[in-house]
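*Asks:* Provide a 3D model corresponding to the input given below.
(4 chains)
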There are 4 protein chains.
Amino acid sequence: MANEKKVVTGLGKPEIHRVLIRGYDLTKDLVGKITFADMTYLMLVGRFPNDGERRMTDALLTILVEHGMVSSVVSARLCYSTAPEALQAAVASSILGAGSVHLGSSEWSAKMLVKALPASSSPGDLDAAAAQVVEQHAKKKKRIAGIGHRTHPEGDPRAVRLFEIARETGVYGRHCDFLQRICKAAEAQYGRPLPANVTGAIGAIALDLGLPWQITKAFALIGRTLGAVAHIGEEIRNPMAENINAAIKSQMVYDFDNK
Amino acid sequence: MANEKKVVTGLGKPEIHRVLIRGYDLTKDLVGKITFADMTYLMLVGRFPNDGERRMTDALLTILVEHGMVSSVVSARLCYSTAPEALQAAVASSILGAGSVHLGSSEWSAKMLVKALPASSSPGDLDAAAAQVVEQHAKKKKRIAGIGHRTHPEGDPRAVRLFEIARETGVYGRHCDFLQRICKAAEAQYGRPLPANVTGAIGAIALDLGLPWQITKAFALIGRTLGAVAHIGEEIRNPMAENINAAIKSQMVYDFDNK
Amino acid sequence: MANEKKVVTGLGKPEIHRVLIRGYDLTKDLVGKITFADMTYLMLVGRFPNDGERRMTDALLTILVEHGMVSSVVSARLCYSTAPEALQAAVASSILGAGSVHLGSSEWSAKMLVKALPASSSPGDLDAAAAQVVEQHAKKKKRIAGIGHRTHPEGDPRAVRLFEIARETGVYGRHCDFLQRICKAAEAQYGRPLPANVTGAIGAIALDLGLPWQITKAFALIGRTLGAVAHIGEEIRNPMAENINAAIKSQMVYDFDNK
Amino acid sequence: MANEKKVVTGLGKPEIHRVLIRGYDLTKDLVGKITFADMTYLMLVGRFPNDGERRMTDALLTILVEHGMVSSVVSARLCYSTAPEALQAAVASSILGAGSVHLGSSEWSAKMLVKALPASSSPGDLDAAAAQVVEQHAKKKKRIAGIGHRTHPEGDPRAVRLFEIARETGVYGRHCDFLQRICKAAEAQYGRPLPANVTGAIGAIALDLGLPWQITKAFALIGRTLGAVAHIGEEIRNPMAENINAAIKSQMVYDFDNK
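*Replies:* Predicted coordinates:
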């Protein structure tokens, strides 16, 4: 009752001589003793990871950091070149693209898994639920988030590697298994290979690690924050923003009539 | 000549069956084998860290993740509550505040160190350069970025801890040393303790790790990206945005006259 | 064929001695001769507005500018107080919250109208389509975007005013009419008044003005950009960020157990 | 005393049946009766503009809306293509680049004018102060914000037009005059034409309109918010993000050695 309007958190508490993080003393218990993957797991799941969970977390944090001169780092470089006094703005400009089409689709895939996963663990029930997912998407002519890849029909090597590590570390669980069953059902339906893609793998593994589906995009956001800073670091040594603009300009057509 | 308008990167290259990161195969050489701190160092410095550098990098990545219900996470929570379909927007809203006054001041401190650090290593020259920094700031009545702290006159425990780890790991070098000399010179000038604060420590240590001053804010941005996601995770389980707004509303005064 | 990889725009073309906007010379034909509402209409619809459309556009641009110390301006103020060198970051932090729950819901309402509006103009067909919308939402227990308001059961005065202007200016058309029919059908279904709210009105009117549903949020974004700058202007004269943080702190409870 | 921790605003107050804006009733007094330029002036300056101030405000709001496929709209288009569910994120990504190098430089120019403008109105004192500004920049080998333009050595036509309107509307005042004197002094120093550029003109005119220097960037932010939405509107009808990426890709060089 009294707490109705209170602002409650169990994540961190700044005191005068120390900061508490989920009850741990930041400088005494954590900094210098744990890795960033430990901190990630502690913050997002609420406890320390075991060795397998830590290795899996490091893999998820690493997998999306860098992919060449993609949209998100083009934005970071262009933004930095016009506002170099605000590195944070260039990084923000970059991660803002982590949405449903690219980078952020783990969230949609994870949501689908959580909504459709049956309580039962029987293979028959799981396969029936997987088939239902495929059927519902087919009826609405909707792509299933997290499976299929334009340039890797035979399987995104990043997804393959993540599932490999998930098995090795014992993280591979009900959600990973269910996603694979959905892939099989979709392959049966469409008559072509439709393996899990990298954001599908991230979503399923993050769920098996204990994250809620709404924040499975965390790994894309943290990874690409690093990636954006690295591209800006390169931009400082060897500026490319002007050449990026020139490349676009070389293809420009202005068409004021056809609107 | 021919390369004048080329768009060049040495960070990553997406190929059909693999992604290269600074020449390494992402799935074969990196994911599952390295930690996120390794990846951070590889991306920002260009090579793998040794054990000490890795531990130091983990410490820098961890130190600013969480500090309770501060401005940056208040923004994240408020943004998420009105636009839950875009986690990335809430995270971006949060890191956008990493500027010169708070969270991002490592950049200003590191820039100052780089500009003022003499080529000579003699203690006398270093102290003279430190004294000059203090004098120049005093003349302009400007605060020296990276030293002093309102609530920790005797020393921010987070800075103390980071320098401790810097010494243990062998990372502590010319920039850390120079910042400490500036603190001493400032204490002599102003007659009160002016120890390095946490962003000062981050700036100096990041320089000693090999980062350019412009991207020393990387650790704040990566750390707070994690912190923002964690607060949103908590917001999902136990929404506080309404109570935050109520707390502000309880103190509201509208004054249309005194403009 | 040859144009397949071309980058085409019909909005603007920078030439050496002039800038063309949709074919008009910026400095000769537009600046100093037209209002911002004209420019808004020209950019978003592709032609100049008539007098009624101009007045309606001004009303839409004005309606969401300011609403007191709401979430979006709290974020702007907090961000500016820690990163005053980057006004644009504080403004961005503010508009990032224009999502499905608040400020941005015009998009969801407009999409619903476009998808459900029948080709026929007969009142019977329109009412049947409206009833179907209500029924489908009722079946899924989903709120209908753009109608109903917690604090204005009898009608959001901002929506009332916008529809009034829409009628006066001749902008009121099929989409406004259809939204009103949906409100009536919902009131019949739920037995209580469920009038259009302000973002519902904006969505319907923007459609009748000729905007695609995906960008009806434009008025919220432009308006709140102005609102955020104004709050930052006030913050500069009379800083409130610290008091906002104090108000939140006064209600803080730390709970490390109940996670 | 009692108000020390209060959160005060004089901009807007939401009441149950009305919203007050600087004391005016939003729906009764403003919406439908005033233009967006009026609202801009009321929010930023605190009173309604006269006819000249209104025309000038419309000109400032219009001048930077559109400039072809520049960096800021490239970011908007790329962001939207990967996160179409969050228009606000694409718009934010776009305006984040309004910094010191481009779009936002009005702030730096206006700050310089405010700091250097003498109290005296005598032409001699003004010219002396202008000469001092030029000298100080020359000594530090710094560019003077707001003057000179790479592609318009003879004068940015947008600046010329804005000053023309400033004279016609009676807005042209001390700050515009002082900037022109600085241009003259710079031309004398460097022996080549160095006319005011568009952001210099915006900064000086905004000061003469009564805005504080810190928020003169308002016009760039509001204008480009509209510009970004318009480009996204075009992107929806005729998607270009893929072709933009292809244009960049066609110029890519990967260089893992030269780091």
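*Asks:* going forward, measure contacts and count neighbours with C-alpha atoms only.
*Replies:* Fine.
*Asks:* pLDDT below threshold where in the stretch 1-150 of chain A?
*Replies:* Confidence mapping of the stretch 1-150 of chain A against pLDDT under 70 gives the ranges A:1-3.
*Asks:* hmm, 50 instead?
*Replies:* A:1-2 (pLDDT under 50).
*Asks:* now the helices: where do they sit in it?
*Replies:* Assigned by DSSP state H, counting those that start in this stretch, the stretch 1-150 of chain A shows helices spanning A:36-45, A:51-63, A:71-82, A:87-95, A:105-116, A:123-139.
*Asks:* now for the helix or strand just after the longest one, which elements pack on it?
*Replies:* With elements assigned by DSSP states H and E, the helix or strand that comes after helix A:123-139 is helix A:157-169. When contacts are defined as 3 or more Cα pairs under 8 Å, 6 or more residues apart in numbering or on different chains; DSSP states H and E, helix A:157-169 sits against helix A:51-63, helix A:198-209.
*Asks:* what's in contact with the shortest one?
*Replies:* Which is helix A:198-209. Contacts of helix A:198-209 with the rest of the structure, by Cα atoms under 8 Å, 6 or more residues apart in numbering or on different chains, involve A:53, A:60, A:103-107, A:109-110, A:113, A:145-147, A:156, A:158-159, A:162-163, A:166, A:171-176, A:179, A:213, A:216-217.
*Asks:* Restricted to buried residues, select the residues you listed in ChimeraX.
*Replies:* Per 16 or more other Cα atoms under 10 Å in any protein chain shown, the buried members of these correspond to this ChimeraX selection:
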select /A:53,60,103,104,105,106,107,109,110,113,145,146,147,156,158,159,162,163,166,171,172,174,175,176,179,213,216,217
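*Asks:* what about whatever helix or strand residue A:242 lives in and chain D, any contact?
*Replies:* Element membership for residue A:242, per DSSP H and E: helix A:241-249. Yes - residues of helix A:241-249 contacting chain D under Cα under 8 Å from any Cα of the partner chain: A:244-245, A:247-249.
*Asks:* so after that helix, what's the next helix or strand?
*Replies:* Following helix A:241-249 in sequence, per DSSP H and E, is strand A:252-254.
*Asks:* Looking at the helices and strands packed on helix A:157-169, which one is packed in the most?
*Replies:* Compared across the helices and strands packed on helix A:157-169, helix A:198-209 shows the largest average neighbour count, a mean of 28 (mean count of other Cα atoms under 10 Å in any protein chain shown).
*Asks:* so the helix or strand just after that one versus helix A:105-116, what angle?
*Replies:* Downstream of helix A:198-209, the first helix or strand assigned by DSSP H and E is helix A:218-237. Inter-element angle recorded for helix A:218-237 and helix A:105-116: 180 degrees (by axes from the mean of the first three to the mean of the last three Cα atoms, to 10 degrees).
*Asks:* I'd like to know which of the helices of the stretch 1-150 of chain A lies nearest to residue A:237.
*Replies:* For residue A:237, the closest of those is helix A:71-82, at 12.1 Å, according to Cα to Cα.
*Asks:* what about that closest one, near chain B?
*Replies:* No - counting by Cα under 8 Å from any Cα, chain B has no neighbours in helix A:71-82; the shortest distance is 10.6 Å.
*Asks:* okay, the angle between that helix and helix D:241-249?
*Replies:* Using the same axes, to 10 degrees: helix A:71-82 against helix D:241-249 is 70 degrees.
*Asks:* mind checking how far helix A:71-82 is from the chain centre?
*Replies:* Between the centre of helix A:71-82 and the centre of its chain there are 21 Å (Cα atoms, centre = their mean, to the nearest Å).
*Asks:* Then stretch A:211-227?
*Replies:* 4 Å.
*Asks:* Now tell me what touches it from outside.
*Replies:* A:44-45, A:60-66, A:73, A:91-92, A:94-95, A:98, A:103-107, A:110-111, A:114, A:202-203, A:206-207, B:40, B:43, B:87-88, B:218, B:221-222, B:225-226, B:229, B:232-233.
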